[in-house]
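Peer 1: Next input, structure requested:
(one chain, ligands or ions: 2)
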Amino acid sequence: MPLNHLIRDGDNPDITEERQKATFSTEELAIEIYGEPLAQRRREISAEVLKRPELLDDCPHVFLDRTTKVENSMKKTVAVMEKGSEICDFTSREELGHLVCEVFGDDGFPLSIHFVMFLPAIQGQADDEQAEQWIPRAMRLEFIGTYAQTELGHGTNLRALETTATYDKRTQEFILHTPTVSAYKWWPGNLGKTANYVIANAQLYIDGKSHGPHNFLVQIRDENTHQPMPGITVGDIGPKFGLNTNDNGFLRFDHVRIPRRNMLMRHSKVSADGVYSPPVHPKLSYGAMIFVRATMIRMLAHVVLKAATIAIRYSCVRRQGEIKTGNGEVKILEYQTQQHRLFTALARGFAYRLVGDEVKNLYEKIAEEVKHGNVEQLADLHALLSGMKSIVSYDSGKAIEQCRMACGGHGYSHASGIPEMYAVEIAGCTYEGENMVMLQQQARYLVKGIHRLAHGEELSTMLQYLANTSNNKFRIGESGVDLENALILALEYIARSTIERVTARLDSLQNKGLSAENAWNENAVELTRASRTHTRLWIARCFRDRVHRIENHAIRSALTDILELFLTYEVVDMSQYLYQGGYANSDQVAQVKDAMYKLLEKIRPNAVSYVDAYEVSDTELRSVLGRRDGNVYDNLLKWAKSNPLNRTEVLPAVEKHLMPMMLAAKSKL
Ligand SMILES: CCCCCCCC/C=C\CCCC(=O)SCCNC(=O)CCNC(=O)[C@H](O)C(C)(C)COP(=O)(O)OP(=O)(O)OC[C@H]1O[C@@H](n2cnc3c(N)ncnc32)[C@H](O)[C@@H]1OP(=O)(O)O
Ligand SMILES: Cc1cc2nc3c(=O)[nH]c(=O)nc-3n(C[C@H](O)[C@H](O)[C@H](O)COP(=O)(O)OP(=O)(O)OC[C@H]3O[C@@H](n4cnc5c(N)ncnc54)[C@H](O)[C@@H]3O)c2cc1C
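Peer 2: Numbering: from 1, shown residues only. Ligands and ions are numbered 1, 2, ... in the order given. All right, here's what the predicted structure looks like:
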């Protein structure tokens, strides 16, 4: 019985050969990733979707214009809402998430902002009475909502948002107003053509005094006619790099009045007579962003693993060049450079996916405490998520782009599926806080950590390694020190020494009289580096702990290879920091590289089985190169022939423009 469960008759023999080499059970690895019932439910859901044409695309989305794309995705949204509960359990986020991936592919659920921002903002920030009034209707999709915070002029600096919400004591209403062009809300998903309500982030004014940005529920379109409400100007912002099925929009309020109770009042309150009560923590109105930052880690990992699935499978059916002259052309996955590109992407994908589960659990635990007024761990969570969203979005983008390039020319074609994946994933570097800005948010926390240590104060668990000054020598190859431990300690050193060095530089500049702000800006690049090294360490530790907890021996061993590749790759990538302070020498770094190259060889026979175990169906993958059966060339030809430009032998545009020009050229002879 082969260990890889995806072997079928009629598959490309080159890919079957790969599957026959598996040294672990792909079904067991799938269970480790998804859990026992879900792994099976995912397969059942995928099979059901295939039986329902209303949930499938008639043709690849990349062949369609934007208006048709938007219409298709709305049509499928209705089909999912009407029939989806026959296929999956709507109360299970995981099952529903899988159905959405199958049906919508890369762009995700068209109403995602309703579910991942609008509803979470209400759930976390509305008081019980408001929640009772709004949530059931929103859950039933009686109306659609979005989260309108970013403006044309400001997305990062929330304190500078210009939209105002002025309290009118006389009528007990807030007046929402957009005072300038730069104050137009700009970017919110589903705002352009879909949403009826927004959670609008606006500067609260009472009696001429500003209390900073707060969240308000505002109706922008009629629930029945969908026409804009009085005082509302709204529309779509136009095509983007990716995510073009989504109607990201613009919005202007012209003195729009809403009842006092439409301000979200769980944490901050305004009484009928205009008395303001502040929240227990000033940043509680940023809660919906925290939620998405926590959730997006797994989503980003999923895209990396999809791209790795495509590129690894394709690299086993693509033959090009010889390694030994005369021995015939090899599968391109035999090249070490290809393995290095793809297996490191695979390792980051697995690391982020499994660590993403831990992040989600941590978020849920702390969010529950915050909901009940305990904000003790909010700073830790904010710092962690600021770093995580930045590192995972950026490093995932690099991994996906490597997967695309590793497919050569065919990777550049939309037939590979990877360009769309990249376009969607890379948006994560920008949304929910531009990465450079978020890394600096985390850096503040790290610098404070060093200062606390200097003052003998207690450090949070996440920062305790900063106190481990005895870790000052790379211990790779020493007896009694295994590779994993040596590498984790090296990552600890890299993070600690980087944070210490930049903090010392900041302090010294300030001691010389530079203002704190200027000293910060003069060190900003190094601060983002410190943040990067800290986050990569956190991911490495968390991934190691997760792998160590695996009970199934064969699966633990399979994921240990991936973990060790991940650790060696991270250490090599940041090895320049190891030389600082004399922690390591070049021979030791060469040892890490050797270990990495050996791991590439070790992983090679199982490469297809790792991605098979992640179990992304062909429906979801939407890739000719990544097809499970490996029958790439025939299908590339079919894909090219089916594209709309080939509907006629002679293109009307050729007849209209080029032919007359060519005829005219001939007539001049
Ligand atoms: C199912 C999968 C779902 C995936 C998603 C699907 C697809 C979705 C696609 C797109 C969705 C995109 C939606 C959006 O983009 S919504 C808009 C997001 N906007 C942002 O993220 C804006 C970024 N800017 C900010 O967050 C802030 O302005 C800031 C950069 C943090 C600065 O804020 P501010 O000026 O108020 O604060 P300070 O810098 O002065 O910091 C003061 C102290 O507050 C602490 N702080 C800041 N933020 C938080 C927070 N959120 N929680 C807790 N604490 C916070 C900060 O650390 C400072 O602390 P200190 O102790 O140092 O004083
Ligand atoms: C696909 C997508 C979906 C989105 N969906 C929503 C949504 O649903 N709702 C919503 O409200 N918004 C949404 N946004 C907006 C998004 O949150 C913002 O674009 C994002 O927060 C970045 O802000 P910005 O555009 O103002 O960038 P800017 O802040 O203008 O960034 C431009 C450059 O300036 C730098 N910079 C800015 N400030 C600083 C600083 N203090 N220190 C150092 N460098 C700095 C940045 O690092 C960056 O390099 C979406 C954006 C995208 C791309």
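Peer 1: what ranges do the strands span in the protein?
Peer 2: With strands called from DSSP state E, the chain shows them at 145-148, 164-168, 173-177, 185-186, 197-206, 209-219, 232-236, 249-253, 256-259, 269-270, 276-277.
Peer 1: From what I see, residue 536 and residue 490 are in contact.
Peer 2: No. Assessed by C-beta atoms under 8 Å, residue 536 is found out of contact with residue 490, at 11.3 Å. Where you see a C-beta, it was placed from the backbone N, CA and C, and this is true even at glycine.
Peer 1: which of the two has more neighbours?
Peer 2: residue 490 (28 against 22; other C-beta atoms under 10 Å).
Peer 1: Please name the residues that touch the residue nearest to that one when sequence neighbours are not counted.
Peer 2: Leaving aside its sequence neighbours, residue 490 sits nearest to residue 571 (C-beta to C-beta, 6 or more residues apart in numbering; 5.3 Å). For residue 571, the contact set (C-beta atoms under 8 Å, 6 or more residues apart in numbering) comprises 487, 490-491, 494, 578, 592.
Peer 1: at 6 Å what do you get?
Peer 2: Counting by C-beta atoms under 6 Å, 6 or more residues apart in numbering, residue 571 makes contact with 487, 490, 592.
Peer 1: cool, residue 487 as well?
Peer 2: Contact analysis of residue 487 by C-beta under 6 Å, 6+ apart lists 567, 571.
Peer 1: Now do the same for it: its pLDDT.
Peer 2: Looking at residue 487, its pLDDT stands at 98.
Peer 1: Same question for the one 4 residues further on.
Peer 2: With respect to pLDDT, residue 491 has a value of 98.
Peer 1: Near residue 40, how many other residues are there?
Peer 2: Here the number of neighbours of residue 40 (other C-beta under 10 Å) works out to 14.
Peer 1: Around ligand 1, which positions in the stretch 51-200 of the chain sit nearby?
Peer 2: Taking C-beta under 6 Å from any ligand atom as the contact definition, the stretch 51-200 of the chain meets ligand 1 at 108, 112, 116-117, 147, 149-150, 155-159, 189.
Peer 1: With adjacent residues omitted, what lies nearest to residue 196?
Peer 2: What sits nearest to residue 196 in space, not counting adjacent residues and going by C-beta to C-beta, 6+ apart, is residue 143, at 4.1 Å.
Peer 1: Spit out the contact partners of that neighbour.
Peer 2: Shown in contact with residue 143 (C-beta under 6 Å, 6+ apart): 196-197, 223.
Peer 1: Residue 185: how many residues sit nearby?
Peer 2: By other C-beta under 10 Å, 27 other residues sit near residue 185.
Peer 1: so which of the contacts of residue 143 would you say is closest to ligand 1?
Peer 2: Using C-beta to the nearest ligand atom, residue 197 is the member of those that lies nearest ligand 1, at 15.8 Å.
Peer 1: For the residue of the stretch 201-350 of the chain found nearest ligand 2, give me its contacts.
Peer 2: With C-beta to the nearest ligand atom, the shortest gap between the stretch 201-350 of the chain and ligand 2 falls at residue 243, namely 5.2 Å. Contact partners of residue 243, counting by C-beta under 6 Å, 6+ apart, are 107, 424.
Peer 1: Retrieve the pLDDT associated with it.
Peer 2: Residue 243 is assigned 96 on the pLDDT scale.
Peer 1: got the phi/psi numbers for it?
Peer 2: Dihedral pair for residue 243: phi 50, psi 40, per degrees, to the nearest 10.
Peer 1: Which residues in stretch 169-187 does the neighbour count mark as buried?
Peer 2: 173-178, 183-187 (16 or more other C-beta atoms under 10 Å).
Peer 1: biggest separation within those residues, which pair?
Peer 2: Greatest spacing in these, by C-beta to C-beta: 173 and 187 (27.0 Å).
Peer 1: For this protein, what lies in contact range of ligand 1?
Peer 2: Going by C-beta under 6 Å from any ligand atom, the residues of the chain near ligand 1 are 108, 112, 116-117, 147, 149-150, 155-159, 189, 283, 286, 289-290, 292, 295-296, 299, 378-379, 382, 431-433, 437, 441, 444.
Peer 1: hmm, try it at 5 Å
Peer 2: By C-beta under 5 Å from any ligand atom, the residues of the chain that approach ligand 1 are 112, 116, 149, 156, 158-159, 283, 286, 289, 295-296, 299, 378, 382, 431-433, 437, 444.
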